[in-house]
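1. Generate a structure from the sequence data that follows.
(one chain, ligands or ions: 1)
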Amino acid sequence: MNTLIRNGTVVTARETKAADVRIEDGRIQEVGAGLAERPGESVIDATGMYVMPGGIDAHTHLDMPFGGTMSADDFETGTRAAAFGGTTTIVDFAIQARGTRMREALDAWWKKAEGRATIDYGLHMIVTDLGGAGLEDMDGMVDEGVASFKLFMAYPNVLMVDDATIFKALSQTAKNGALICMHAENGSVIDVLIARALAEGKTAPIYHALTRPALAEAEAVHRAIAMAEIAGVPVYIVHLTSEDALNQVREARDRGVPAFAETCPQYLLLSIDELARPGFEGAKFVFTPPLRPKEHQPKLWEGLKHDHLQVVSTDHCPFCFADQKILGKDDFTKIPNGGPGIENRLQLIYHFGVNAGKLSLNRFVEIVSTAPAQIFGLYPKKGEIAVGSDADLAIWDPNAAYTISARTHHMRVDYSMFEGFEVRGNARTVISRGETIVDGGKFLGKAGRGNYVKRAARGGAWK
Ligand SMILES: [Zn+2]
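-> Just a heads-up that it's a prediction; the model follows:
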């Protein structure tokens, strides 16, 4: 079906202009002022609305095993919630189990998404083992459109890999053009701090944050960037949380090193105080790296504004409070690590960024859509409003008032990290490959309509 979006204001990372958008066969066919309606076209009136590229969330964990349980959203509920918030593409993480080939993980994650995803999705591969055929497997993954790999410097004995493995993986990307994403925290030091805390009987949620100091993050960021620099390749730091870590990225970028980093709404808007809530409530805010003292927040906003940070993603990894977070009632190390956020990213960054004067409208579009598309090899298919791009669009109502709450959100989780937050600005109509999947608070999409997207190696991080 062909569609004409009229009377809106088109907002991209580069410009803001009054323009209509014509969609044909799922792609953008024409952008310009005063486009004439053609027979058979459906017309969407976007008067008073921004027409922006749909959000791209480059960091989600749907249907993910962790500590004996699974993240609460699967590919259907998670992508539907994403769509409600104006996100039209996600990049989720497949996890290579130690001693197995990456191919098995890719097949397993395709199966999780098949028949369920309501929006398009790509996959990163989490590398836990480069023994045997690991380096060839990386090349094979790139051929399948898995153009990025994540390695952990934290979680010893579970996901953590040593520096030799990280350096080998980084070096391999010089050949295959993939991008290495790093979870940067010094896991060995953190494990000692955790053991000490437990020995002293410190088992409450707050100790999750107190045993993972910002310096352990900054040290690992520094080391990751240094290894990438030695290998002569770009590197991307996931979920950066602190001023200390940000300084490492900025210092490297100032020297011309292609280091990239994302942060998440929770680090911009919540602080370590949440973990000290009475009773076990703090467990709702247990994820890694942890929330920091609130002094870090303005530094992260500044980092976004000045391009020391390039992307805001969510690290969406929901666990229900009642029956999952509770596993750590007597021991904070047993609290499943993760929080829900896939639905609220654009609302929060628009309200607390654009409305608050911290970000321009174009910078907002860039950090939630265009930059992740570029960095992760989706551009210009995704993250752009231009002839030939996929018609993945959010028609954004800048005046819509919305109160975030677990009572009304669409994520399959029994609490919100942003309960009661009042925002102005929300997605009114969401279009994925030309199909209206959300309109006026109603879901019109279908499970299984989302496609796997092959991503190109040597994306924007390599330029
Ligand atoms: Zn994550």
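2. Mind jotting down where the helices sit in the stretch 101-250 of the chain?
-> Using DSSP state H, counting those that start in this stretch, the helices found in the stretch 101-250 of the chain span residues 102-113, 134-143, 163-176, 187-199, 206-210, 214-231, 243-254.
3. can I get the ones you listed in a markdown table with distance to Ala33?
-> C-beta: built from backbone N, CA, C; applies to glycine. Shown next, in a markdown table, are the helices of the stretch 101-250 of the chain (distance: least, CB to CB, whole Å):
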| stretch | distance to Ala33 |
| --- | --- |
| helix 102-113 | 39 |
| helix 134-143 | 41 |
| helix 163-176 | 43 |
| helix 187-199 | 55 |
| helix 206-210 | 51 |
| helix 214-231 | 45 |
| helix 243-254 | 38 |
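4. Quick one, which of the ones you listed gets closest to Asn399.
-> Asn399 sits nearest to helix 243-254 of all the helices of the stretch 101-250 of the chain, at 32.9 Å, using CB to CB.
5. For Arg407, give its distance to Met227.
-> 46 Å (CB to CB, to the nearest Å).
6. Go through the helices of the stretch 101-250 of the chain and name the closest to Asp57.
-> Asp57 lies closest to helix 102-113 among the helices of the stretch 101-250 of the chain, at 14.3 Å (CB to CB).
7. Just the buried positions in that closest one, please.
-> Buried residues in helix 102-113, counted by 16 or more other CB atoms under 10 Å: Met102, Ala105, Leu106, Trp109, Lys112, Ala113.
8. Stretch 132-140 too?
-> Per 16+ other CB under 10 Å, stretch 132-140 contains these buried residues: Gly134, Leu135, Asp137, Met138, Gly140.
9. circling back: of Arg407 and Met227, which one has the most company?
-> Between Arg407 and Met227, Met227 has the larger neighbour count (other CB atoms under 10 Å), namely 21 against 8.
10. Now for the more buried one: which residues touch it?
-> Met227 is in contact with Asp163, Ile166, Phe167, Leu170, Val235, counting by CB atoms under 8 Å, 6 or more residues apart in numbering.
11. Could you pull up the contacting residues of Leu300?
-> So Leu300 contacts Leu240, Thr241, Glu243, Leu246, Thr263, Tyr267, Leu268, Leu309 (CB under 8 Å, 6+ apart).
12. Now neighbour count and distance to Trp301 too, for those residues, in CSV please.
-> Shown next, in CSV, are the contacts of Leu300 (neighbours: other CB atoms under 10 Å; distance: CB to CB, whole Å):
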residue, neighbour count, distance to Trp301
Leu240, 28, 13
Thr241, 26, 13
Glu243, 20, 11
Leu246, 26, 11
Thr263, 28, 9
Tyr267, 23, 10
Leu268, 22, 6
Leu309, 26, 9
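13. Nearest to Ala356 among the residues you listed?
-> The closest of the contacts of Leu300 to Ala356 turns out to be Leu268 (CB to CB; 10.8 Å).
14. one step back: and the buried residues of stretch 132-140, which is closest to Met182?
-> Of the buried residues of stretch 132-140, the one sitting nearest to Met182 (CB to CB) turns out to be Met138, at 15.1 Å.
15. For Ala461, which non-adjacent residue is closest in space?
-> Nearest non-adjacent residue to Ala461, counting by CB to CB, 6 or more residues apart in numbering: Pro234, 4.0 Å away.
16. Present the helices of the stretch 101-250 of the chain as CSV; the columns should include distance to Phe321 and mean pLDDT.
-> Putting the helices of the stretch 101-250 of the chain into CSV (distance: least, CB to CB, whole Å; pLDDT from 0 to 100) gives the following:
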stretch, distance to Phe321, mean pLDDT
helix 102-113, 24, 98
helix 134-143, 35, 97
helix 163-176, 34, 98
helix 187-199, 22, 98
helix 206-210, 15, 98
helix 214-231, 26, 98
helix 243-254, 28, 98
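17. And Tyr350, how far from Asn344?
-> Remark: distance between Tyr350 and Asn344 (CB to CB) = 10 Å.
18. just Ala447 next, same as before
-> Plainly put, Ala447 is 22 Å away from Asn344 if you go by CB to CB.
19. Kindly report the same for Ala218.
-> Distance from Ala218 to Asn344, by CB to CB: 28 Å.
20. which one of the two has more residues nearby?
-> The neighbour comparison of Ala218 against Asn344 (other CB under 10 Å) goes to Asn344, with 29 against 22.
21. pretty sure that one contacts Phe418?
-> Yes. Using CB atoms under 8 Å, Asn344 makes contact with Phe418 at a distance of 5.8 Å.
22. shared neighbours of the two, anything?
-> Pro265, Ile404.
23. Give the pairing partners of the helix or strand bottoming out on mean pLDDT in the chain; include direction for each.
-> Sorting the helices and strands of the chain by mean pLDDT, DSSP states H and E puts strand 65-66 at the bottom, at a mean of 92. Using DSSP bridges, strand 65-66 pairs in its sheet with strand 69-70 (antiparallel).
24. what does the partner strand contact?
-> Asp63, Met64, Phe319, Gln324, Leu327, Pro336.
25. from these, which single one is nearest Ala117?
-> Lowest distance from Ala117 to the contacts of strand 69-70 (CB to CB) belongs to Asp63, with 10.7 Å.
26. give the contact list for that closest one.
-> Shown in contact with Asp63 (CB under 8 Å, 6+ apart): Met70, Ser71, Asp73, Asp74, Phe75, Gly78, Lys112.
27. ok now stretch 4-18, how far from the chain's centre?
-> Its chain's C-alpha centre and that of stretch 4-18 lie 25 Å apart, by CA atoms, centre = their mean, to the nearest Å.
28. Surely Val423 is in contact with Tyr350?
-> Yes. If you go by CB under 8 Å, Val423 and Tyr350 touch, sitting 7.3 Å apart.
29. list the helices and strands whichever strand or helix holds Ile23 packs on?
-> Per DSSP states H and E, Ile23 falls inside strand 20-24. Packing partners of strand 20-24 (3 or more CB pairs under 8 Å, 6 or more residues apart in numbering; DSSP states H and E): strand 3-6, strand 27-32.
30. Which residues does the last one contact?
-> Right, the one you point to is strand 27-32. With CB under 8 Å, 6+ apart, strand 27-32 has contacts from 2, 10, 19-23, 385-391, 433-434.
31. For the residues you listed, which ChimeraX command selects only the ones that are buried?
-> Buried residues among the contacts of strand 27-32 (16+ other CB under 10 Å), as a ChimeraX selection:
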select :2,10,19,20,21,22,23,385,389,390,391,433,434
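32. So for Gly377, which of the helices of the stretch 101-250 of the chain sits nearest?
-> Across those, closest to Gly377 is helix 134-143 (CB to CB), at 9.6 Å.
33. And the closest one, how far out from the chain middle?
-> That offset, for helix 134-143, works out to 23 Å (CA atoms, centre = their mean).
34. What of stretch 292-308?
-> Relative to the mean C-alpha coordinate of its chain, stretch 292-308 is positioned 17 Å out (CA atoms, centre = their mean).
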